[in-house]
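Predicted structure and sequence below. I'll ask about it afterward.
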Amino acid sequence: MNRFAPRIVTLGMDRCGSPKGPRMAERPYTVLSCGMSIDGYIDSPAIDRLPLSNDADFDRVDGVRADCDAIMVGAATVRNDNPRLLVRSPQRRRQRQALGLPVSPVKVTVTNTGRLDPCAPFFTVGGVDKLVYCATAVVAATRERLSDVATVIDAGAAVSMRWIAEDLHRRGITTLLVEGGGSVHTQFLTADLADELQLVVAPLFVGDPQAHRFVNEGTFPWQPGRRAHLAEVRQIGDVVLLRYALSARSAYAEGALREAR
């Protein structure tokens, strides 16, 4: 998308959301965003809300959200973290409205069980569309539970992130921000569906094997013979942002980044 801010422009997109280079694949331009400890954990069983970011980084993420058509999290994140997934800045909300957009992106989640609370902030906060992708076996029950607060979509017997990404594209989503959790990030990465990874590292250790890591076990495309391109390193207060280009759609970003600056 990026109709008003430079972030996605620096990744090979023009200000109308069109790629500056190879033809865009039939899926959204997909940015994965995550904060983790030095030792790779995203939470702690001993701490309700592990502080992995700071105010300046929250504002940066808010800007990324404002540039996107949709924000996606897994059902476990909806249940455990109660995310609102809104653009917080009034100025950014006004900018979106001036372009004829809703004040915040579409909210998207995916579930194999349909076990979601219609009273969760994901559904009740923000006047934007909510999409719930679920396995065929639980579609009927999920629609009965959530039909008043979301659009429930049959994602097939075995839910596939590639199918979901392509369906989002058909629905007009051209830029997707994936904010977790670990299972969703793992599936996007192992299926080679991510164009960019924004990884924030907090200056702390968790050291608890019961905690969740950034990704689960899997076969990832980025191996010694195919290294991810480190597009940016930025200190933001006491955390550091590592921005990796992961696809051909962002492989030409380095020159565009220099031009944008």
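Thanks, I have the structure now.

which residues sit in contact with D192?
By C-beta atoms under 8 Å, 6 or more residues apart in numbering, the contact set of D192 is P221, S247. Heads up, the C-betas are built off the backbone N, CA and C, glycines and all.

hang on, it in a helix?
No - per DSSP: H, G, I helix; E, B strand; the rest coil, D192 lies outside any helix segment and is coil.

and it, how far is that from R143?
31 Å (C-beta to C-beta, to the nearest Å).

Now do the closest residue to H229 other than its chain neighbours: how many residues are near it, please.
Once flanking residues are discounted, H229 sits nearest to A245: 4.1 Å by C-beta to C-beta, 6 or more residues apart in numbering. Neighbours of A245 under the rule other C-beta atoms under 10 Å: 23.

Tell me the predicted confidence for A245.
On pLDDT, A245 comes in at 95.

is it true that it touches E232?
No - A245 is not in contact with E232 according to C-beta atoms under 8 Å; the separation is 9.2 Å.

Give me the buried positions along the helix or strand where Q91 lies.
Element membership for Q91, per DSSP states H and E: helix 90-98. Buried positions in helix 90-98, judged by neighbour count with 16 or more other C-beta atoms under 10 Å: R92, R93, Q95, R96.

and if you look at stretch 149-167?
Neighbour counts using 16+ other C-beta under 10 Å place 149-150, 152-155, 159-161, 164-167 of stretch 149-167 among the buried residues.

cool, stretch 77-85 as well?
Quick answer for stretch 77-85 (16+ other C-beta under 10 Å): T77, V78, D81, P83, L85.

First residue to last residue on it, what's the distance there?
11 Å (C-alpha to C-alpha, to the nearest Å).

And the contacts of it?
Contacts for stretch 77-85 (C-beta under 8 Å, 6+ apart): 65, 71, 73, 104-105, 107, 109, 115-117, 120-122, 125-126, 179-181, 184.

ok, now with 6 Å
Outside stretch 77-85, the residues that touch it by C-beta atoms under 6 Å, 6 or more residues apart in numbering are I71, K107, T109, A120, P121, F122, V125, G180, G181.

Pull the most distant pair out of those residues.
V125 and G181 (19.3 Å; C-beta to C-beta).

Which one of these two is surrounded by more residues?
For V125 versus G181, neighbours defined as other C-beta under 10 Å are more numerous around G181 (23 against 15).

Backbone dihedrals for that one, both of them.
Here is the backbone geometry of G181 (degrees, to the nearest 10): phi -90, psi -150.

do R226 as well
Dihedral angles (degrees, to the nearest 10) for R226: phi -140, psi 90.

So for G180, what's the pLDDT?
Per the predicted model, pLDDT is 88 at G180.

got the contact list for it?
G180 touches C34, V73, T77, counting by C-beta under 6 Å, 6+ apart.

The second one and P209: what is the separation?
Here the criterion is C-beta to C-beta. By it, V73 lies 24 Å from P209.

one step back: JSON lines please, covering the buried residues of helix 90-98 and showing pLDDT and distance to G237.
Output for those, formatted as JSON lines (pLDDT from 0 to 100; distance: C-beta to C-beta, whole Å):
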{"residue": "R92", "pLDDT": "98", "distance to G237": "20"}
{"residue": "R93", "pLDDT": "98", "distance to G237": "24"}
{"residue": "Q95", "pLDDT": "97", "distance to G237": "25"}
{"residue": "R96", "pLDDT": "98", "distance to G237": "26"}
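
now the strands: where do they sit in the stretch 101-250 of the chain?
106-111, 130-134, 151-154, 175-178, 196-201, 229-236, 239-245 (DSSP state E, counting those that start in this stretch).

So which elements touch the last one?
This means strand 239-245. strand 196-201, strand 229-236 (3 or more C-beta pairs under 6 Å, 6 or more residues apart in numbering; DSSP states H and E).

what's the most buried one of those strands?
strand 196-201 (a mean of 22; mean count of other C-beta atoms under 10 Å).
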